[in-house]
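Engineer: Prediction below, plus the sequence it came from.
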2 protein chains.
Amino acid sequence: ESREEKIEESVASVLEEAKELQDSVSSHISNTLSDEQPLRQRAVILDSKIHSLRSSLDSLLSNKLINPSLADKLDEDLQRARCIIVDGDASSLLPGHAQGRFLRMFLGPINVRASRKDVQLKVKEEYNSYRDRTALLFLLFPAALLILRSWVWDGCLPAFPVQMYQAWLLFLYTGLALRENILRVNGSDIRPWWIYHHYCAMIMALVSLTWEIKGQPDCAKKQRGVQLFLQWAMMQGVAMLLQNRYQRQRLYTRIALGKAKRMDVVWGETAGVDGQLWLLCPILFILQGFEAYVGQSLLRTAFVGVVSEWQVIVCGLLLVVMAIGNFENTVQTLMVKSRF
Amino acid sequence: ESREEKIEESVASVLEEAKELQDSVSSHISNTLSDEQPLRQRAVILDSKIHSLRSSLDSLLSNKLINPSLADKLDEDLQRARCIIVDGDASSLLPGHAQGRFLRMFLGPINVRASRKDVQLKVKEEYNSYRDRTALLFLLFPAALLILRSWVWDGCLPAFPVQMYQAWLLFLYTGLALRENILRVNGSDIRPWWIYHHYCAMIMALVSLTWEIKGQPDCAKKQRGVQLFLQWAMMQGVAMLLQNRYQRQRLYTRIALGKAKRMDVVWGETAGVDGQLWLLCPILFILQGFEAYVGQSLLRTAFVGVVSEWQVIVCGLLLVVMAIGNFENTVQTLMVKSRF
Ligand SMILES: CC(C)(COP(=O)(O)OP(=O)(O)OC[C@H]1O[C@@H](n2cnc3c(N)ncnc32)[C@H](O)[C@@H]1OP(=O)(O)O)[C@@H](O)C(=O)NCCC(=O)NCCS
Ligand SMILES: CC(C)(COP(=O)(O)OP(=O)(O)OC[C@H]1O[C@@H](n2cnc3c(N)ncnc32)[C@H](O)[C@@H]1OP(=O)(O)O)[C@@H](O)C(=O)NCCC(=O)NCCS
């Protein structure tokens, strides 16, 4: 009897505790939300104030109504204020880019916005190291295939390793596209084109998987397309390695700025990496030229009739489109940067 | 002069406001976290209390030290308490399943846990409607291919539409696997096998993309593998539609329970859908048998030598593995459910 009573009591008290906990948690949640509301408003108002001050500063300057050195100082202060909001904890309160279709398609309506800035920076850091890891493979994998082709395989790529490689590419680009979409939701200013570029690369990897890899006889000719594709991939690896080096340094600068809470550091968008950009870009342009060249070679092999599969035509077109888009967007980035 | 002063003042005040905002936001964040800490502890303790009470109840019952009808009532109370914690707002405080490798591979270290229960339920609901939408296509797409094959294409499937379909499958299964992983992080009790099942299906779609679709002459024989694959896919569509019907109803029951805040509803794990399960399972078993049959037919066509590509062997093996795993896990689910 006493044991029965004891357990009855415990169960009743546990049920009561559960109800109380539920109440405390829901009031905690609603309190947090209502505390956040005014902060969110202040962040939005401040952000628009900074914008309007910047434009009045610009108009004063162009009408010569302000001393240029004072204008410089004020401009720096405004940048500093913006940096505090955008790179500090407050950034999680500013409306980010809406979650696009791509993310919704793959993930559903889950929110991928990190609520704290240090988490957002960690995500970005991890993205960079993911790119580092893959850029190396990007170089080594196709290089190994091409080397084995001439030394071991007698000029004839076997289908299986190439398809493994193409599957890996597909997986890789899907991951990059997802991660970049997530970064965008978390407030990154990444240009939409760089994401579209990865969609194109995904389609290309998918199409190349269905592309039949013909064997002997005469495979040197028949495999011309595959060979070009592998060369393009190696080139992508080089571009990625260079870009990573540059972008990692940019991020470190920003993290250092973010950690120095009061922002008592002299601040500059591209502080310390400006020089690198002017070194990087010519190399990028050369690579983009090569990309276009590979694309039109593919198109040529398709139309001359050596390999007349639709896959070759689609890949060729995609490469040309990607080359043009990359070039255009690199130039635009440079133009925006040189304006400051 | 006065304009200069004015803008100088405004900039200084904006900079000051930005610093203040940063401070308020970071103290808001740390306050929220420290308020959450005790709630989190209470949730964890309560959860373990419920577990230990349940096991002492079981031992009292098996030693006949408690009146069975009282035991029933107490069991129901414990289930109700657990339901309040698991399906209420407090669930976001309980440790969920850790984010697995699959999610980290595709998304990086971003947190996909929804912090509020209603969002979690929305995610689940959207997952179900995603499955509904795709289940229909799952039926129609391969059915259309098979019908066109005999009516229009003279018994010979052209490569392109089949490859389109396989690419769509790959995309679909990747989405499902990502979403299910996300659900798991959000506290769903989904068995790991159902997720592995989708990894297997992803691999199968990928492998089938590289599978050359041979044309005339004699394509009826050569395309036997592809045909079996399409039949399996249609069968998957049927299984999904049935399963969705059942699972949507289960979810509605749970949402209704979650909304009735104080849980004054009589609660039961499978309330109202128990009967359906016993109808669903025989059909599932038949479908699983068919899955195994398709798998071994593929293996046979490969070994008899009509289509001796490695892709056919891999797909055959995967199908057999999936059939066995599905069967085992369906049986285990039934066993767990019948114990209550
Ligand atoms: C030109 C380039 C070096 C400029 O980089 P940048 O100085 O970081 O450019 P921005 O200042 O406009 O960057 C804004 C944001 O977009 C991101 N970003 C820029 N280019 C990116 C790219 N190609 N991929 C992913 N993210 C990119 C930056 O990291 C930054 O993110 P943040 O807001 O979170 O800090 C870079 O865009 C680039 O390497 N482009 C060429 C890529 C290419 O052509 N590759 C293929 C060669 S064939
Ligand atoms: C047997 C079956 C109907 C049981 O479903 P159930 O009653 O929901 O099973 P459980 O109670 O164990 O479910 C626990 C959780 O896993 C989820 N779940 C169960 N089976 C699932 C599946 N196959 N796919 C995705 N999620 C599943 C449930 O939705 C539930 O989620 P929740 O905790 O968020 O509410 C279901 O597992 C099933 O349909 N399996 C067979 C699938 C199959 O064989 N398909 C191919 C046929 S060849």
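Structural biologist: It's in. Numbering: from 1, shown residues only, chains lettered A, B, ... in the order given. Ligands and ions are numbered 1, 2, ... in the order given.
Engineer: So which residues on chain A come close to ligand 1?
Structural biologist: A:124, A:180, A:183, A:188-190, A:194, A:239, A:243, A:246-247, A:250, A:280, A:284, A:287-288, A:291, A:326, A:330, A:333 (C-beta under 6 Å from any ligand atom). Yep, even glycine has a C-beta here, placed from its N, CA and C like the rest.
Engineer: in what helix or strand does the nearest residue to A:V321 once chain neighbours are set aside lie?
Structural biologist: The spatial neighbour of A:V321 that comes closest, neighbours along the chain excluded (C-beta to C-beta, 6 or more residues apart in numbering or on different chains), is A:C200 at 6.5 Å. Following DSSP states H and E, one finds A:C200 within helix A:192-209.
Engineer: Name the helix or strand for the residue lying closest to A:L15 once chain neighbours are set aside, please.
Structural biologist: Excluding the flanking residues, the one nearest A:L15 by C-beta to C-beta, 6+ apart is B:A81, at 4.6 Å. Using DSSP H and E, B:A81 maps to helix B:68-87.
Engineer: What residues of that helix count as buried?
Structural biologist: B:70-71, B:74-75, B:77-87 (16 or more other C-beta atoms under 10 Å in any protein chain shown).
Engineer: residues near A:R113, how many?
Structural biologist: 17 (other C-beta atoms under 10 Å in any protein chain shown).
Engineer: What distance do you get for A:W168 to A:V294?
Structural biologist: 19 Å (C-beta to C-beta, to the nearest Å).
Engineer: The two: which is more packed in?
Structural biologist: Using other C-beta under 10 Å as the criterion, A:W168 and A:V294 rank with A:V294 on top: 24 against 15.
Engineer: right, and the more buried one touches A:M234 too?
Structural biologist: No - between A:V294 and A:M234 there is no contact under C-beta atoms under 8 Å: 10.5 Å.
Engineer: re earlier: following the chain onward from the helix holding B:A81, which element is next?
Structural biologist: Using DSSP H and E, the helix or strand that follows helix B:68-87 in sequence is helix B:101-107.
Engineer: Could you list the buried residues of that next one?
Structural biologist: B:F102, B:L103, B:R104, B:F106, B:L107.
Engineer: Could you list every helix and strand that the longest helix belonging to chain A packs against?
Structural biologist: For chain A, the longest helix by residue count, based on DSSP state H, is helix A:2-62. Using 3 or more C-beta pairs under 8 Å, 6 or more residues apart in numbering or on different chains; DSSP states H and E, the elements in contact with helix A:2-62 are helix A:68-87, helix B:2-62, helix B:68-87.
Engineer: quick one, it and helix A:68-87 angle?
Structural biologist: Going by axes from the mean of the first three to the mean of the last three C-alpha atoms, to 10 degrees, helix A:2-62 is angled at 160 degrees with respect to helix A:68-87.
Engineer: mean confidence score for helix A:2-62?
Structural biologist: Averaging pLDDT along helix A:2-62 gives 87.
Engineer: what about that helix, distance to the chain center?
Structural biologist: Put simply, helix A:2-62 sits 30 Å off its chain's centre (C-alpha atoms, centre = their mean, to the nearest Å).
Engineer: quick one on the thing from earlier: and the residues of chain A next to ligand 1, which of them are in helices?
Structural biologist: A:124, A:180, A:183, A:194, A:239, A:243, A:246-247, A:250, A:280, A:284, A:287-288, A:291, A:326, A:330, A:333.
Engineer: Kindly identify which of these also come near ligand 2.
Structural biologist: Among these, none lies close to ligand 2 by the criterion of C-beta under 6 Å from any ligand atom.
Engineer: Which ChimeraX command selects the buried ones in these?
Structural biologist: Applying 16+ other C-beta under 10 Å to those, the buried members can be selected in ChimeraX as follows:
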select /A:124,180,183,194,239,243,246,247,250,280,284,287,288,291,326,330
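Engineer: before we move on, back to that, just the buried residues of helix B:68-87 now: which is nearest B:E309?
Structural biologist: Nearest to B:E309 among those: B:V86, at 48.2 Å, using C-beta to C-beta.
Engineer: roughly how far apart are the residue lying closest to the closest one once chain neighbours are set aside and A:L21?
Structural biologist: Leaving aside its chain neighbours, B:V86 sits nearest to B:G187 (6.9 Å; criterion: C-beta to C-beta, 6+ apart). Separation of B:G187 from A:L21 (C-beta to C-beta) stands at 16 Å.
Engineer: So for these two, which residue has more residues nearby?
Structural biologist: Ranked by neighbour count (other C-beta under 10 Å), B:G187 and A:L21 place A:L21 first, with 22 against 19.
Engineer: Make a markdown table out of the helices and strands packed on helix A:2-62 and add distance to ligand 2.
Structural biologist: Putting the helices and strands packed on helix A:2-62 into a markdown table (distance: least, C-beta to the nearest ligand atom, whole Å) gives the following:
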| stretch | distance to ligand 2 |
| --- | --- |
| helix A:68-87 | 37 |
| helix B:2-62 | 16 |
| helix B:68-87 | 9 |
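Engineer: Many thanks, I have nothing further to ask.
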